[in-house]
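Undergrad: pasted the sequence and its predicted model underneath.
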Amino acid sequence: MSGLDDRGTLAALRRGLMLEEEQLFELFGYVPPRFLTGLRPGEERLYLMVAALYAYHPVSFGEEELAERRRNLGESLRRLAEEKARQRGGLDEGEELLPESLKRRMEALLSAPRADLFGHLRQVISLLKSEEIPVDWAQLLSDLQRWEAPDRRVQWAWSRSFYVGYQTEGGDETDVR
């Protein structure tokens, strides 16, 4: 999202959060053309949607973390639950890491058709912003481009990252995030 760091541009893009998805064309003037050139119809909406969300919460994973592997939104939401648990001083015996309210929000997001995603994503990004939880913005854009794939690979990956966490290839649970 380099090139979208100007404060005036970010403010203009944040106004896009108040728009309906069909109105996102109003943001064309604030996104550098290199991001929007050569896109198929429909993809522009996704780029503009992610640009507005990024402008609201421009916190990403560090380069070293992203060099290691990409992170999906399910992982960011799991980090949110971990951060909330850490702030409470850890989990009580028998307490689950993932609160029911966050599970319901994740389920609503995962079952949302592409046309309804913008509203769900605004809410989720707002939650992540509240605790400064990073988002892998390039991965989010890539995932949204494949949201309606018949195999629902994106939804599977997000759900796994949220409910199970990340595991190394060998399944080492000490690396579960």
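TA: Noted; the coordinates are in hand.
Undergrad: looking at it, residue 56 is touching residue 125, isn't it?
TA: Yes. Contact criterion Cβ atoms under 8 Å: residue 56 and residue 125 qualify, at 6.1 Å. Where you see a C-beta, it was placed from the backbone N, CA and C, and this is true even at glycine.
Undergrad: the two: which is more packed in?
TA: Using other Cβ atoms under 10 Å as the criterion, residue 56 and residue 125 rank with residue 125 on top: 23 against 17.
Undergrad: contacts for whichever strand or helix holds the more buried one?
TA: Assigned by DSSP states H and E, residue 125 belongs to helix 117-130. Contacts with helix 117-130, where a contact means Cβ atoms under 8 Å, 6 or more residues apart in numbering, come from 17, 20-21, 49, 53, 56-57, 59, 73, 76-77, 80, 102, 105, 108-109, 112, 134-135, 144, 147.
Undergrad: what residues are up against residue 74?
TA: 106, 157-163.
Undergrad: same question for residue 163.
TA: Per Cβ under 8 Å, 6+ apart, neighbours of residue 163: 74, 98.
Undergrad: show me what contacts the residue nearest the centre of the chain?
TA: By Cα atoms, centre = their mean, the chain has its centre lying nearest to residue 73, at 4.1 Å. Neighbouring residues of residue 73 by Cβ under 8 Å, 6+ apart: 109, 124, 135, 139-140, 143, 158.
Undergrad: next, give me the two most distant ones among these.
TA: The distance between the two most remote of these (Cβ to Cβ) is 15.1 Å, for 109 and 139.
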